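In: Got a predicted structure plus its sequence, pasted below:
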Amino acid sequence: MAKRKSYFLKRPKSTKALHQAPGTVTYVGRKEQAETLLEVIDYNNESFESFTSKSPEDAFKFEEESKTTWINIDGLSNTAEIEKVGKYYELHPLIIEDIVNTNQRPKIDEYKDYYFIVAKMLYYKEDGRLENEHISIVLGKNYVLTFQEAGGDVFDGVRDRLKNAKGRIRSRGADYLVFALLDAIVDNYFVVVEEMSDKIEALEEQLFNSQPNDDTTYEIQELKRTMLRIRRAVFPLREVVSRMEKLNSGLIQEQTINYIRDLYDHMIQVSENIEIYREMTWGLMDMYMTTISNKMNEVMKVLTIMASIFIPLTFLAGIYGMNFEYMPELKWKYSYPILLGAMFLILLGMLYYFKRKRWL
Amino acid sequence: MAKRKSYFLKRPKSTKALHQAPGTVTYVGRKEQAETLLEVIDYNNESFESFTSKSPEDAFKFEEESKTTWINIDGLSNTAEIEKVGKYYELHPLIIEDIVNTNQRPKIDEYKDYYFIVAKMLYYKEDGRLENEHISIVLGKNYVLTFQEAGGDVFDGVRDRLKNAKGRIRSRGADYLVFALLDAIVDNYFVVVEEMSDKIEALEEQLFNSQPNDDTTYEIQELKRTMLRIRRAVFPLREVVSRMEKLNSGLIQEQTINYIRDLYDHMIQVSENIEIYREMTWGLMDMYMTTISNKMNEVMKVLTIMASIFIPLTFLAGIYGMNFEYMPELKWKYSYPILLGAMFLILLGMLYYFKRKRWL
Amino acid sequence: MAKRKSYFLKRPKSTKALHQAPGTVTYVGRKEQAETLLEVIDYNNESFESFTSKSPEDAFKFEEESKTTWINIDGLSNTAEIEKVGKYYELHPLIIEDIVNTNQRPKIDEYKDYYFIVAKMLYYKEDGRLENEHISIVLGKNYVLTFQEAGGDVFDGVRDRLKNAKGRIRSRGADYLVFALLDAIVDNYFVVVEEMSDKIEALEEQLFNSQPNDDTTYEIQELKRTMLRIRRAVFPLREVVSRMEKLNSGLIQEQTINYIRDLYDHMIQVSENIEIYREMTWGLMDMYMTTISNKMNEVMKVLTIMASIFIPLTFLAGIYGMNFEYMPELKWKYSYPILLGAMFLILLGMLYYFKRKRWL
Amino acid sequence: MAKRKSYFLKRPKSTKALHQAPGTVTYVGRKEQAETLLEVIDYNNESFESFTSKSPEDAFKFEEESKTTWINIDGLSNTAEIEKVGKYYELHPLIIEDIVNTNQRPKIDEYKDYYFIVAKMLYYKEDGRLENEHISIVLGKNYVLTFQEAGGDVFDGVRDRLKNAKGRIRSRGADYLVFALLDAIVDNYFVVVEEMSDKIEALEEQLFNSQPNDDTTYEIQELKRTMLRIRRAVFPLREVVSRMEKLNSGLIQEQTINYIRDLYDHMIQVSENIEIYREMTWGLMDMYMTTISNKMNEVMKVLTIMASIFIPLTFLAGIYGMNFEYMPELKWKYSYPILLGAMFLILLGMLYYFKRKRWL
Amino acid sequence: MAKRKSYFLKRPKSTKALHQAPGTVTYVGRKEQAETLLEVIDYNNESFESFTSKSPEDAFKFEEESKTTWINIDGLSNTAEIEKVGKYYELHPLIIEDIVNTNQRPKIDEYKDYYFIVAKMLYYKEDGRLENEHISIVLGKNYVLTFQEAGGDVFDGVRDRLKNAKGRIRSRGADYLVFALLDAIVDNYFVVVEEMSDKIEALEEQLFNSQPNDDTTYEIQELKRTMLRIRRAVFPLREVVSRMEKLNSGLIQEQTINYIRDLYDHMIQVSENIEIYREMTWGLMDMYMTTISNKMNEVMKVLTIMASIFIPLTFLAGIYGMNFEYMPELKWKYSYPILLGAMFLILLGMLYYFKRKRWL
């Protein structure tokens, strides 16, 4: 019983930051304890430098024109640090609010000197629940700021390629870095959606073997809910990428556009997969209903067969259990075996009837 | 029984104002008794003045250019007073009609010297029913008029920030005040939608524990109806905010546009939440159906098992209750214990059969 | 039985006018017997004149520039008269065809000197069926022609305001009159939709008290059909009003546009109501299904409880009704009361079991 | 059983023309045997000439500027003849392919000197199945070519009006003739859709009287399929007519545009009817489900009432059928009538209980 | 049981290529073993040359202006070869990535000197599963490159027409060849969709004869899934063809546009068929539900009839099986035959009752 309750863990209220003045910087996420940690990566085609720090002041010295600086900030609960970074890079107050507002949906805002992008990273927690993490990206002239709730591993591939100068990433600018980061996020969506499809198949197999347990309907409802959450993270990002493709600005170079278009193709693909699995999930409920009905049909058949055979026979036995004085059959010598034989024939007839009706 | 009837309280007819000349000022709301009360707040960066009055004449003296005046009128049933205010500020007759027509949906009308905005405030009454309140806002050069059916508390946060000069609100003009008021309304939507989601979860838990009561289907239908009402209040406001963002006019300053865009993001977010909870609500009905079917399956299984076991045994007992003279078994010494043994074996066989079918 | 048949009264075929040359003037409505009656109202700010006539010739003398003439024609079956009026005002042949073609959907056609508007008036007949009446309006420079199937009362409010010079109506021109007429029609939609909602609530209450009768499913289907008819009358008119708002022409004055925009708001509102009641109607069918299933569950429980208790007890009685010679219990003195006691304990056990399963 | 099979007559494969070079002229329809027959009608305001011929050469002499020539070709299986006509009038090879490709959906193609229009004629065959016939129309400067699979009667009204100079048709040009032909096709759609509605009503009545037979679900599925076929024929034609209205070209005269707009109104009307009947058809399935459930409820009630009354009574009889030696009641004089009385009271109690539950 | 498991064969993960640098060339398809094979066809109106080779170098010598060269590459797993070809024709790195990424959805990318088109070929494998094959087409000035996962036969018709100079294909350029290849792919869709419809009909027939087996619900779910896959392959290609029609570029000649428009018509047609069969498939689930319910109804009727007839008769027999000493009827001479007669009358009454209820 304890296990079943877990479907209804109270979700954290997203209304924490309400009834406050707009522009107030309040962290509404779930990872209060996380320490703010800055990771600075400074690179160009020839050089690569990287270090981490707990004090944002260290990060501020990187401003060389010829190099691209990527500052990744983990942990959003220390809003004072976030505001300090924000002020140094002259970010608009509303942006800082959005960075720590983990309920903010994916979007792109264009400011004069930089773009502000919000995305959602999806992953399954150990208890099988889908979690989403709030990611904010600021793309400036030769720097990129990324803000995460907690240190994840989805950007590790990018870090690795930067360090080992794999692919084109070191020779391109900040815009390509942003593309690479978004690409890493989107690649991860495929993994998440694929796991979704495994769950659907597991449920289908369960229903197929007619072994739905009591939780099946809740698992399907939970699947639907998860699907809706994935859509909510993925679909707005599609518009973000589409808009990036069309931006006319010095911040995104001509040669990066092709890659962004490719990223858009991937977004469409993952969206299509989501829609397909969504329809499959809705189909599961229908399958469940027919499975239940088929089982009830089977139960009813057993009852009907048993009752139809033995109720008439019991009636016959009842007839000759009556105590009338004048029942001539009772005195005949072969009455008993004849009746038994007749009962046997009735039994056979019934079985044949049910066989022909394909109930047996 | 009395409690259940409460679902069908006759709603007030919204057709009260029909069959009248257009422009006729008729109050169609439910709060006839409410007295009209004016609250005047006059402020700029340095000063703050506030008082309430029952006579609208007092409010008319505030017209200084350098200050912003907010006049909040509570109670719409005294239409004569409303018309007086309307005439003083040269409002179009149709606006005055819309202010008291509480059925008017959210909209924005642009007039030469002011904007007229209609919004809906949502809150739950003590009996759990969702109530919506009609709010009209007139945004002029350096004044804001707000009209409410009854004094609510959703604007209290704004009043408080004005009084205590919290945030930017005192240093901005009338347009920022309107933004702050709409922001307060929208923040409240999140609370309302969140309570909705609690109700959905409570019903899911009820269904999960297979304890749906007789009212479950009506509660689900009621949830759907409430959802539709929320959508009806929220969705048109989204368009209103989107249009405010695009207005080119001296009434809304450049720097306020960013905040309105942020407000629009919140509107999208609350709309998405509504859609998700809506799908969840529809899923509830499916869950209910499968719950009923599962319970019927269980009932049928009990019947089938009982009948399948005891009907054949009763038949056997019936056989040896017959009164034929020539039934040799009746005379045998061990007939009775042998028959009892056979019956016990049949019982075991049946139990094994049902066990294997997983009905037990 | 006679009453139930009434759902399937043969509807009049709408195909009467087919297979004819386009432009042929054929009346396809149901009110063949209605006599054509002309009502002429001639007014301006100072004067008001009104009379009725059966001969259209009388109506033709009103043509003063400074006055607005409203000619209302009741009864469309006398197509010769209709054509005569049409020719006098130089209406296009297709317009005359549309005036008598009561199947024509709402639309607006712009001609050089006049607009042609088709609308539908909705009302409930005494037998509870929704009826729609075909209304055609021609808006010219200083005249308005309206054509109705039969004299209704929806325009009476307008007549009254004209006569008593209530509101602005006498001081405005023909365009404002058309607005006022459409406004009267739309106001009536609210009444019709509200009655719809009463029917939905009545059905909900019926289902809630678990007293659906045999006709419930047909009443729901009938509700759906009615809903579709209302939409069909209302939705195209919304487009008509929207287009009127955008027309740039001397026929509609600047100051009337505000009123038409207001009318459009009402159209949106009534459309939203329709959609909400529509969803409610669809929900009714689900409620009906669960009501049926719940009732079947209850029936099954009674059967299962009765059978589960008495079938085993009957078996026990059957055992001691057997006629074996060697059944020692039959001779014991307290066998009978002991058996009765055992049966009573089994009964109690069963009741406790069903109680715990919450079937009782 | 033979009759029921008729739902699954193998449909002719529409894939006959695949795997061929584009532009290959292959007839894919079902009327292989039909002979190609040409009917030539040549007319203007004063004169009218008409004859039929089996050789297309005869048709070619009509080319007077002042006259309109309508050549109607029945029978598409003789592709050589079709190609000959096509070449004479310099039709594009793809047009000729489309003329004989009866799977081609309605469309309009604009070529330099002519328009090519494809439409579908719908009619019910004797066995109640909906058949559609492929109609191709070529509208040139002063000629119209029409191609049909077999001689139908839908154009007879047009022929008649041409012959007897009814209406405006003789005084207008080729564009008006095309309008008249399309109008005849669309008028016929109303008839087809109306018959559809009769079928829906017949099924509703059947369900209402609770007499659904075994085929009901297949008839509903067949209705849905037919509905989809009608939509497929009608909806693309709507776009065709809409595009005709907007064409700027010498081929369609100003004065005909009004008629085409009227035709478009009719298309919208028939589309709306289709949508309404479609929703009704979907509702039928729900009605069928509730009808089945209601019937099962009734069956269950009979069973439950019979079993609940007689199983306890049989138990009582069983008690006094036991053979214990010490059963004092057996010896009492009034035991039997008292027991019978008690049984009667139990029966009455049961009946009262079921009456109160409204099961009787 | 083994057979049923086949529904749940683990699908290959499509996530193989994730977590790699963009532009990395990784083959993600299922045909790893396939050898790369090049087939070169070089033709113009007069000449035709064709050979196959395993080394791509052989293909590179064909570059005459006056001739069209078609290089068809079978087998994508040897990515090194693919990259070599790509570099020779100066294809963008992202194109090469898309060629081997078999998850790429249909699209068209316009580059300066060539177009890149992705399409999907559909065919049924021997086990009845739908397979799709990834096809990439590069259309250059006078060459066409096609890339397939394995040698299929869908292009054989085109090869044949080229070889035998059938139709126009030899006299047109590379753009017409691409049209012919796409046309072959689309023609094949009709075959695939037609087979789909056969499966639907087979299931309908199965349900009609009330012989749904245990797998029916899974077959329907599988049908839905297949339908979704077909849509996913077909619908994006529709947009591709639509965009080809609108391209203004030297690569597609004026005269080919007509053919592409025709191809677009076919795409619309196949899409419509898909939608119709899709609705039919959803209808199947409803049909299945009603079939199950009808069968349960039948089962219940048999039970109810048997129980309703014999339970009361058994009760009567039980009455006269009681052992009361004072039961006068037991002594009467004709009690037994009279009781048998009464039982027979009850039986007849019951049969008549069920007959009138149409349960028999």
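Out: In hand now; what should we look at?
In: Every contact and neighbour count from this point should use C-alpha atoms.
Out: Noted.
In: Am I right that A:E39 falls within a strand?
Out: Yes. Judged by DSSP: H, G, I helix; E, B strand; the rest coil, A:E39 forms part of a strand.
In: give me the number of residues near it?
Out: By other CA atoms under 10 Å in any protein chain shown, 18 other residues sit near A:E39.
In: In three-state terms, how would A:I71 be classified?
Out: Recorded secondary structure, A:I71: strand (three-state DSSP).
In: In the sheet, which residues pair with it? Tell me.
Out: For A:I71, the beta-bridge partners under DSSP bridges are A:V40, A:L145.
In: got a list of what it touches?
Out: For A:I71, the contacting residues are A:L38, A:E39, A:V40, A:I41, A:A59, A:Y143, A:V144, A:L145, A:T146, by CA atoms under 8 Å, 6 or more residues apart in numbering or on different chains.
In: Which element, helix or strand, includes the residue in the stretch 151-300 of chain A positioned nearest to chain B?
Out: Residue of the stretch 151-300 of chain A nearest chain B, by CA to the nearest CA: A:M296 (5.7 Å). Per DSSP states H and E: A:M296 is located in helix A:254-319.
In: A:D153 and A:L122: what is the separation?
Out: Shown here: A:D153 relative to A:L122, a distance of 12 Å by CA to CA, to the nearest Å.
In: which residue packs closest to the residue of the stretch 151-300 of chain A closest to chain B, ignoring adjacent ones?
Out: Closest residue to A:M296 apart from its sequence neighbours, by CA to CA, 6 or more residues apart in numbering or on different chains: B:N297 at 5.7 Å.
In: just to revisit the earlier point, which strands and helices sit next to whichever helix or strand comes after the helix holding A:M296?
Out: Sequence order places helix A:335-356 as the next helix or strand after helix A:254-319, per DSSP H and E. Packing contacts for helix A:335-356, counted by 3 or more CA pairs under 8 Å, 6 or more residues apart in numbering or on different chains; DSSP states H and E, involve helix A:254-319.
In: Report the secondary structure state of A:L360.
Out: coil.
In: Just name the lowest-scoring one in the contacts of A:I71, pLDDT-wise.
Out: The lowest pLDDT within those belongs to A:A59, which sits at 68.
In: Pretty sure the residue of the stretch 151-300 of chain A closest to chain B sits against B:K295.
Out: No. Assessed by CA atoms under 8 Å, A:M296 is found out of contact with B:K295, at 10.6 Å.
In: higher neighbour count, the two?
Out: A:M296 (20 against 15).
In: OK, contacts around the closest residue to chain E within the stretch 251-360 of chain A?
Out: Nearest residue of the stretch 251-360 of chain A to chain E (CA to the nearest CA) works out as A:M322 at 3.9 Å. The neighbours of A:M322, taking CA under 8 Å, 6+ apart as the test, are B:M322, B:N323, E:A317, E:G318, E:I319, E:Y320, E:G321, E:M322.
In: Kindly state the pLDDT recorded for A:I268?
Out: Predicted confidence (pLDDT) for A:I268: 91.
In: next one: the one 4 residues further on
Out: A:E272 is assigned a pLDDT of 89 by the prediction.
In: can you count the residues close to A:N45?
Out: 16.
In: for it, phi and psi?
Out: Main-chain torsions, A:N45, degrees, to the nearest 10: phi -60, psi -30.
In: cool, and the one 5 residues further on?
Out: Reported as degrees, to the nearest 10, the phi and psi values for A:S50 are phi -150, psi 140.
In: Report the contact partners of it.
Out: Taking CA under 8 Å, 6+ apart, we find A:S50 in contact with A:E39, A:V40, A:I41, A:D42.
In: Report the separation between it and A:E39.
Out: Distance of A:S50 to A:E39, computed by CA to CA: 7 Å.
In: I'd like to know which residues of the stretch 51-200 of chain A are adjacent to chain B.
Out: Within the stretch 51-200 of chain A, the positions near chain B by CA under 8 Å from any CA of the partner chain are A:L94, A:Q104, A:R105.
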